[in-house]
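> Sequence isn't available, so here's the structure alone:
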Ligand code: SF4
Ligand code: SF4
């Protein structure tokens, strides 16, 4: 997981596993692994477990955890680094050409641009 | 007073209600928002990967246009553009190595060293107009309107670009009070609406949207005010799906803060484009005699 540190620029070893990030996360109900859990697994280098869970893709980059982490870790940057590791293998989380036209027609640009930036290579 | 203005893509299409109401309202306050001669999409989200400088080129290029036009400030009204431009600006200011790389990469352009200030319209109203002065300019106070501010994520997080406190913001409360409205505090008004998950994982977003809307309704709000076209799409256009799926199906109108500003300042209501927003927005204002039916 040296790659995570490199891409995010964050020192994941500083995490003290307090769970503040999970406590305030607006997506917590649907996450298969909590943000705290992701921090733990990434410090242990458990890339496969992270890959199997939906967490990094369901994170909305809302920065709630980032402003609250007592160790000053920018968790959304860690999530982005992990997304990038997978996206850079050219595996998209969503395929824009499989989204029905009527769904896309309804969406403002700001939704499409932000979503494709986060979920496609 | 003239000031440089970066509208952003969505304000030129599906959010022209945000753009037109902002421009017209500011004109009433004697401020001309001068749109940049040339601008490009800022990218909507700030790139969080340290090794991805390529995505910083777009926002930095927009800031170069501001500098080239001779302005030292640029106004944005879209929360997401504000966040992306302000964070890219701080990157240029604080990281000498990346600043050098960006400037050498964008060879043909003026060197940029962070000279421009990125200012959200709410901050401009607070600091350059002032709530007292704004209150004096109001011709149609929104006295009967119970409205709840929705801040979302990108105005107040992360800290280095926050226009107000992340946990207890006041700026939109103060703004609405200056317009004469009755402000209803919504503790869920600082929570994320689900952002871009509305496209990839709509159910996850719907659950958040339902919480934000139902808390506002339970606290007595008649409407919600926001400053982000993504939040407005989710909270406005998709609230019915969200509250039907996760709540009691009750809905309430949503507004951009600039539409309310324009109403209070007596701008011609054609420029508010209520027809493209929430279907009940005009009706609510008409019932308070703030606009024609
Ligand atoms: S809030 Fe910070 S220190 Fe606490 S578990 Fe989350 S990342 Fe670790
Ligand atoms: S940035 Fe992601 S992990 Fe952090 S609180 Fe928001 S959704 Fe949860």
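Yep, that arrived. Owing to the predicted nature of the structure, the values given are computational and were not obtained by experimental measurement. Ligands and ions are numbered 1, 2, ... in the order given.

> Which element, helix or strand, includes the nearest residue in space to residue B:111 that is not next to it in sequence?
Excluding the flanking residues, the one nearest residue B:111 by Cβ to Cβ, 6 or more residues apart in numbering or on different chains is residue B:103, at 4.8 Å. Using the backbone N, CA and C atoms, a C-beta is placed for each residue, glycine as well. Using DSSP states H and E, residue B:103 maps to helix B:96-105.

> now residue B:242
Going by DSSP H and E, residue B:242 is in helix B:239-246.

> do residue B:33 as well
strand B:32-35.

> Remind me what that strand packs against, helices and strands.
strand B:2-5, helix B:16-28 (3 or more Cβ pairs under 8 Å, 6 or more residues apart in numbering or on different chains; DSSP states H and E).

> Contact partners for the most centrally placed residue in chain B?
In chain B, the residue lying closest to the centroid (Cα atoms, centre = their mean) is residue B:227, at 2.7 Å. Under the criterion of Cβ atoms under 8 Å, 6 or more residues apart in numbering or on different chains, the neighbours of residue B:227 are B:18, B:77-79, B:120-122, B:152, B:155, B:172, B:256-258.

> how about a cut-off of 6 Å?
B:79, B:257 (Cβ atoms under 6 Å, 6 or more residues apart in numbering or on different chains).

> With residue B:207 instead?
residue B:246.

> From residue B:80, how far off is it?
21 Å (Cβ to Cβ, to the nearest Å).

> again with residue B:168
With Cβ to Cβ as the criterion, residue B:168 and residue B:80 are 22 Å apart.

> Equivalent analysis for residue A:108, please.
11 Å.

> one step back: return the most buried member of the helices and strands packed on strand B:32-35.
Comparing the helices and strands packed on strand B:32-35 by mean neighbour count (mean count of other Cβ atoms under 10 Å in any protein chain shown), helix B:16-28 ranks first with a mean of 22.

> What is that helix packed up against?
When contacts are defined as 3 or more Cβ pairs under 6 Å, 6 or more residues apart in numbering or on different chains; DSSP states H and E, helix B:16-28 packs onto helix B:257-264.

> on contacts alone, who are the packing partners of the helix it packs on?
helix B:16-28.

> ok, residues contacting the helix it packs on?
Contacts of helix B:16-28 (Cβ under 6 Å, 6+ apart): B:7, B:11, B:33, B:77, B:256, B:258-259, B:261-262, B:265, B:267, B:271-273, B:276-277.

> Name only those of those residues that count as buried.
Taking 16 or more other Cβ atoms under 10 Å in any protein chain shown as the criterion, what is buried in the contacts of helix B:16-28 is B:7, B:11, B:33, B:77, B:256, B:258-259, B:261-262, B:265, B:267, B:271-273, B:277.

> Could you list which residues are in contact with residue A:8?
A:77, A:78, A:81.

> same check, this time on residue A:59
With Cβ under 6 Å, 6+ apart, residue A:59 has these contacts: residue A:79.

> again with residue B:63
residue B:116.

> Look up the pLDDT of it for me, please.
Per-residue pLDDT puts residue B:63 at 97.

> What strand or helix carries it?
Counting by DSSP H and E, the element that carries residue B:63 is helix B:54-68.

> immediately after that helix, which helix or strand?
strand B:73-76.

> now the helix or strand that that following strand is followed by: mean pLDDT?
Going down the chain from strand B:73-76, the next helix or strand is helix B:79-94, by DSSP H and E. Here helix B:79-94 scores 97 as its mean pLDDT.

> Can you spell out which helices and strands pack onto helix B:79-94?
Using 3+ Cβ pairs under 6 Å, 6+ apart: helix B:79-94 touches helix B:54-68, strand B:117-120.

> can these go into a markdown table with extra columns for distance to ligand 2?
Formatted as a markdown table, the helices and strands packed on helix B:79-94 follow (distance: least, Cβ to the nearest ligand atom, whole Å):
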| stretch | distance to ligand 2 |
| --- | --- |
| helix B:54-68 | 18 |
| strand B:117-120 | 21 |
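
> Now distance to residue B:292 too, for those, in a markdown table please.
Listed next are the helices and strands packed on helix B:79-94 as a markdown table, based on distance: least, Cβ to Cβ, whole Å:
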| stretch | distance to residue B:292 |
| --- | --- |
| helix B:54-68 | 38 |
| strand B:117-120 | 31 |
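
> Which of the ones you listed sits closest to ligand 1?
helix B:54-68 (24.6 Å; Cβ to the nearest ligand atom).

> Can you mark which positions in that closest one are buried?
B:55-67.

> now for those residues, which pair is the farthest apart?
B:55 and B:67 (20.2 Å; Cβ to Cβ).

> The residue of chain A most remote from its centre sits in which helix or strand?
The centre of chain A is farthest from one residue, residue A:102, which by Cα atoms, centre = their mean lies 27.6 Å away. For residue A:102, the enclosing helix or strand under DSSP H and E is helix A:101-106.

> Packing partners of the helix or strand following that helix?
Once the chain leaves helix A:101-106, the next helix or strand it forms, by DSSP H and E, is helix A:109-119. Counting contacts by 3+ Cβ pairs under 6 Å, 6+ apart, helix A:109-119 is packed against helix B:197-200, helix B:229-232.

> Which parts of chain A belong to which domain?
Using automatic domain parsing, the domain ranges for chain A come out as A:2-89, A:93-121.

> which stretch among those comes nearest ligand 1?
Among these, domain A:2-89 sits nearest to ligand 1 (Cβ to the nearest ligand atom), with 3.2 Å.

> and the closest one, how far from the chain's centre?
Distance, stretch centre to chain centre, for domain A:2-89: 6 Å (Cα atoms, centre = their mean, to the nearest Å).

> now do stretch B:233-249
With Cα atoms, centre = their mean, you get 21 Å for stretch B:233-249.

> try stretch B:96-103
29 Å.

> Show residues contacting it.
Against stretch B:96-103 from outside (Cβ under 6 Å, 6+ apart): B:60, B:92, B:111.

> go on, stretch B:150-158?
Here stretch B:150-158 has contacts from A:62-63, A:66-67, B:79-80, B:83, B:162-164, B:166, B:169, B:189-190, B:192, B:224, B:226, B:228, B:231, using Cβ under 6 Å, 6+ apart.

> any idea how far residue A:71 lies from residue A:43?
For residue A:71, the distance to residue A:43 - Cβ to Cβ - is 12 Å.

> Revised request: answer the last question for residue A:103.
38 Å.

> And those two? Which one has more around it.
Counted by other Cβ atoms under 10 Å in any protein chain shown, residue A:103 and residue A:43 do not tie: residue A:43 has more neighbours, with 17 against 10.
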